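**Student:** Give me coordinates for this.
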Amino acid sequence: MSDDLSVGTVPVGLPVVAGSPTRGDPATDRSAAVVAAALDSIVTIDEAGRVVEFNPASEALFGWSRDEALGRELGQLFIPGEHADAHRAGIRRYLRTGEGPALHQRLELPAVRRDGTELTVELVVVPTRLGGRREFTGFIRDITELRRTQELLRTSQARYEAIVRHSTKALLLCSPDGSGGTFLSGEQLLGLPGESPIEGGFLAVVHPDDVPAARRVLAEVASGARGPRDGLDLRLRRSDGAYLVCEVLAEDLTALPEVGALLVRVDDVTEERRREQRLADATAQMRALIDNLGSAVLLEDDTRHVLVANDVLVDLFRIPVSSDDLVGTDCSDSAQQIKDLFCDPEGFVAAVAQRVSQGIPILGEQLALVDGSTLERDYLPIDSGGRHAGHLWVYRDITQHIAERQMLTDQNRSLAELAALKNEFVATVSHELRTPLTSVVSFAQMLKDPSVGSLTPDQATFLEIIDRNSQRLLRLIEDLLLVAKLESHTLPLSLGQVDLPDTVAQVVTELGPRAREREVELSVSTGTGPRVRGDWVRLQQVVSNLVANAINYTLPGGSVRVAAEVLPESRQWSLTISDTGVGIPEDELPHVFDAFFRASTASGAVGTGGTGGTGLGLAISRLIVDEHHGRISVQSPPGLGTTVTVRLPYRVA
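**Tutor:** Residues are numbered from 1 along each chain as shown. Next up, the predicted model:
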């Protein structure tokens, strides 16, 4: 505190009453009565700073009696210690210079009661002169509670403003017709500052298509037809022009003079409505899926009440209500109502209760109905976040399926019997044909022997025809027997480790003379790699059939390329035989591996001499490749010849 009586430096209690006039004077008595009756504290001090007047209000305010206060310095009464020196210096300066800036001013200063309680007081100091003596009178009013209340109000207002400023909701006042309005808050939500008028009124920020609904809401609120908790979604425009989906609630405060308007609360529900829409779409999709499954579906909650049921369930169990009406009903009651449809009614009810209590998934459980039908039932407990949430039941009528399965079993048995008969027939016919053919071939060979006798040219030609066709019939018989054994999986395979590149090289060497004879270029390209586990004789037969076919159906001047390479990513060998031959029509490609099928381009092909064949070579090759767990395929682009690809798996040790 400074040493003058400037504002805020003079402590409470500077004297204010005129000195001590002689008692009995009416004016004096009147002044004393006023001082004594005053509600504010009145304290007077002399030039030395000692109290010469201390009215009852001062006693009540500071806790000192008048007798105790008289003659004391204010620093000993209610001026806080840190302000006492400044108080004394201010008096001295005023007495010395007559300057007292704090005089006749309302000052707000701290004070201390006798019990140490701190106060805030409002002080006005007035100097007086009485009989040559100068005194100072202070009029003191306790404003502690006033300032505390004001501080609370300021804090409350600041808190309110902070909450409003950071609120994700918007608050506004508007007229019942929506023509006017003021935003109390909305910066976070709509980008509009608080306490700002809404240009064009509340309806100006509503999407044009939603304005009729907004008018209706405001009118219903104003008439009392809509309560403050009855919200409605409206699209509101942000300050940047974007629209938000907002839930709008309004309350009629027009009866309050300090408000006189509708209070509108706005909350952004854009994302919430999007999530709800996605959920609704997902629910609709799930319902459509369930309705079109063809199976009866029942979903229960953890209290065994229906959450979802479809029409198939209602029809299957002849329930006299719709699937929608079934939602919310007690599943235990429903089980009792439909139990008589089952051959074992009590067993059905007991099994349902057991599945629910144990919570163990059961799939493919069969149930017999009294009408002869058979149902298949699946049960799955539903868990959500580690919490049991319900039960899922799926029922299927498998009566027709069982009948079809039995029919299929009977058909398979018949086919197996037919295949056995076919194999037996082929074996019998082959045996009956092979014996005389062997004799024919033997006698033909014997007749060729010069020691038997010479033959005329015509006889030699006829004998050659007999021998060639006999040999062809023997090969056909052998192929038929091989196909029968392969198809019935009765052909024993002599499995070992087969070097595929070496096998290919041997076949190409053996067929090289035929290729040269037909003026066909035959080339081979093989890599190295793991051996194939298989039957060397049968795999060589596959390679020989495919290479021979390629040579036979390639025109002179054409070429046949044989390649074998390892495919490490699939652990397979790839064998390809490509030719520039007559090719195979596209519509015939699906049949090339059928027994006895020959492409239309094979018979009488120009330059091939009308190459004959049994139509079993590719069929036998496919069956052998199948037995080795491989795959064979044919491609024949028009005019580009034919490529046969064989894939055979290998194992890495």
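**Student:** Send me stretch 515-525 as PDB with only the CA atoms.
**Tutor:** Extracted in PDB, the C-alpha atoms of stretch 515-525 (Å, rounded to 0.1, in the frame of the first residue of the first chain):
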ATOM      1  CA  ALA A 515       8.700 -89.700 -87.900                       C
ATOM      2  CA  ARG A 516      11.500 -89.800 -90.600                       C
ATOM      3  CA  GLU A 517       9.500 -92.200 -92.700                       C
ATOM      4  CA  ARG A 518       6.500 -89.700 -92.600                       C
ATOM      5  CA  GLU A 519       8.800 -86.800 -93.200                       C
ATOM      6  CA  VAL A 520       7.900 -85.200 -89.800                       C
ATOM      7  CA  GLU A 521      10.500 -83.300 -87.800                       C
ATOM      8  CA  LEU A 522      10.600 -84.800 -84.200                       C
ATOM      9  CA  SER A 523      12.300 -82.800 -81.500                       C
ATOM     10  CA  VAL A 524      12.600 -83.200 -77.700                       C
ATOM     11  CA  SER A 525      13.500 -80.800 -74.800                       C
END
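**Student:** contacts for that stretch?
**Tutor:** 504-505, 508, 511-512, 547, 551-552, 554, 556-564 (C-beta atoms under 8 Å, 6 or more residues apart in numbering). The way it works is simple: take the backbone N, C-alpha and C, and place the C-beta from them, glycine included.
**Student:** Might you specify the subset of those residues located within helices?
**Tutor:** 504, 505, 508, 511, 512, 547, 551, 552 (DSSP state H).
**Student:** Look up how far residue 528 lies from the second one.
**Tutor:** Spatial separation of residue 505 from residue 528 under the definition C-beta to C-beta, to the nearest Å is 12 Å.
**Student:** the more surrounded of these two?
**Tutor:** The residue with more neighbours, out of residue 505 and residue 528, is residue 505; 16 against 10, by other C-beta atoms under 10 Å.
**Student:** so that one touches residue 526, yeah?
**Tutor:** Yes: with contact defined as C-beta atoms under 8 Å, residue 505 reaches residue 526; the gap is 6.7 Å.
**Student:** What segments of the stretch 251-400 of the chain are helices?
**Tutor:** Taking DSSP state H, counting those that start in this stretch, the helices of the stretch 251-400 of the chain run over residues 270-291, 311-316, 323-326, 331-338, 345-358, 399-448.
**Student:** mean pLDDT for those helices: which is lowest?
**Tutor:** Lowest mean pLDDT of the helices of the stretch 251-400 of the chain: helix 399-448, a mean of 69.
**Student:** partner residues bridging the closest residue to residue 300 other than its chain neighbours?
**Tutor:** Leaving aside its chain neighbours, residue 300 sits nearest to residue 391 (4.5 Å; criterion: C-beta to C-beta, 6 or more residues apart in numbering). Counting by DSSP bridges, residue 391 is bridged to residue 300, residue 381.
**Student:** Can you report how many residues lie near residue 391?
**Tutor:** 21.
**Student:** Would you quantify the distance from it to residue 121?
**Tutor:** For residue 391, the distance to residue 121 - C-beta to C-beta - is 77 Å.
**Student:** can you give me the end-to-end distance of stretch 569-585?
**Tutor:** Length of stretch 569-585, first residue to last, C-alpha to C-alpha, to the nearest Å: 33 Å.
**Student:** Report the buried residues of that stretch.
**Tutor:** Going by neighbour count (16 or more other C-beta atoms under 10 Å), the buried part of stretch 569-585 is 572, 573, 575, 576, 577, 578, 579, 580, 581, 582, 583, 584.
**Student:** Mind checking which of the residues you listed are in strands?
**Tutor:** 572, 573, 575, 576, 577, 578, 579 (DSSP state E).
**Student:** give me every residue that touches the first one.
**Tutor:** When contacts are counted by C-beta under 8 Å, 6+ apart, residue 572 is found next to 566, 630, 647, 648, 649, 650.
**Student:** Please name the nearest non-neighbouring residue to the fourth one.
**Tutor:** What it means is residue 648. residue 630 (4.2 Å).
**Student:** wait, isn't that neighbour in contact with residue 649?
**Tutor:** Yes: Residue 630 is within contact range of residue 649, at 6.5 Å (criterion: C-beta under 8 Å).
**Student:** Please identify which of these two sits among more neighbours.
**Tutor:** A count of neighbours by other C-beta under 10 Å puts residue 630 above the other of residue 630 and residue 649, at 20 against 16.
**Student:** so who does the more buried one touch?
**Tutor:** By C-beta under 8 Å, 6+ apart, residue 630 lies in contact with 572, 646, 647, 648, 649.
**Student:** now for the buried residues of stretch 569-585, which pair is the farthest apart?
**Tutor:** 572 and 582 (29.4 Å; C-beta to C-beta).
**Student:** And the pLDDT for residue 133?
**Tutor:** According to the prediction, residue 133 has pLDDT 83.
**Student:** what's across from it in the sheet?
**Tutor:** With DSSP bridges as the criterion, residue 133 is bridged to residue 130.
**Student:** That one against residue 45, yeah?
**Tutor:** No: if you go by C-beta under 8 Å, residue 133 and residue 45 don't touch, sitting 11.3 Å apart.
**Student:** more neighbours, the two?
**Tutor:** Between residue 133 and residue 45, counting by other C-beta under 10 Å, residue 45 is the more crowded of the two (26 against 13).
**Student:** so the more buried one sits right up against residue 52, yeah?
**Tutor:** Yes: Residue 45 is within contact range of residue 52, at 6.4 Å (criterion: C-beta under 8 Å).
**Student:** about what we covered before: list only buried entries from the contacts of stretch 515-525.
**Tutor:** Here, 16+ other C-beta under 10 Å leaves 504-505, 508, 511, 547, 551-552, 554, 558-564 buried among these.
**Student:** So which of these is the closest to residue 170?
**Tutor:** Nearest to residue 170 among the buried ones among the contacts of stretch 515-525, with distances taken as C-beta to C-beta, is residue 563, at 76.5 Å.
**Student:** Name the nearest residue to that closest one, ignoring sequence neighbours.
**Tutor:** The shortest distance from residue 563 to any non-neighbouring residue, by C-beta to C-beta, 6+ apart, is to residue 525 (4.5 Å).
**Student:** before we move on, what about residue 540?
**Tutor:** residue 503 (5.3 Å).
**Student:** Near the one you found, how many residues? Count them for me, please.
**Tutor:** Residues near residue 503, counting by other C-beta under 10 Å: 22.
**Student:** Over to residue 80?
**Tutor:** Residues lying near residue 80 (other C-beta under 10 Å) number 17.
**Student:** Could you measure from it over to residue 69?
**Tutor:** 17 Å.
**Student:** Please apply the same query to residue 529.
**Tutor:** Taking C-beta to C-beta, one finds residue 529 at 118 Å from residue 69.
**Student:** How about the contacts made by the nearest residue to residue 383 once chain neighbours are set aside?
**Tutor:** Nearest non-adjacent residue to residue 383, counting by C-beta to C-beta, 6+ apart: residue 389, 6.2 Å away. Shown in contact with residue 389 (C-beta under 8 Å, 6+ apart): 301, 302, 382, 383.
**Student:** ok, of those, which come out buried?
**Tutor:** Among the contacts of residue 389, the ones that count as buried by 16+ other C-beta under 10 Å are residue 382.
**Student:** Same list (the contacts of residue 389) but as TSV, adding distance to residue 222 and pLDDT.
**Tutor:** Formatted as TSV, these follow (distance: C-beta to C-beta, whole Å; pLDDT from 0 to 100):
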residue	distance to residue 222	pLDDT
301	43	88
302	46	87
382	48	87
383	51	85
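**Student:** In TSV: the contacts of residue 389, plus distance to residue 313.
**Tutor:** As requested, the contacts of residue 389 are arranged in TSV below (distance: C-beta to C-beta, whole Å):
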residue	distance to residue 313
301	16
302	20
382	17
383	23
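**Student:** For residue 41, state which of the contacts of residue 389 is nearest.
**Tutor:** For the contacts of residue 389, the nearest to residue 41 is residue 302 (73.4 Å; C-beta to C-beta).
**Student:** What segments of the stretch 501-650 of the chain are helices?
**Tutor:** Taking DSSP H, counting those that start in this stretch, the helices of the stretch 501-650 of the chain run over residues 536-552, 617-627.
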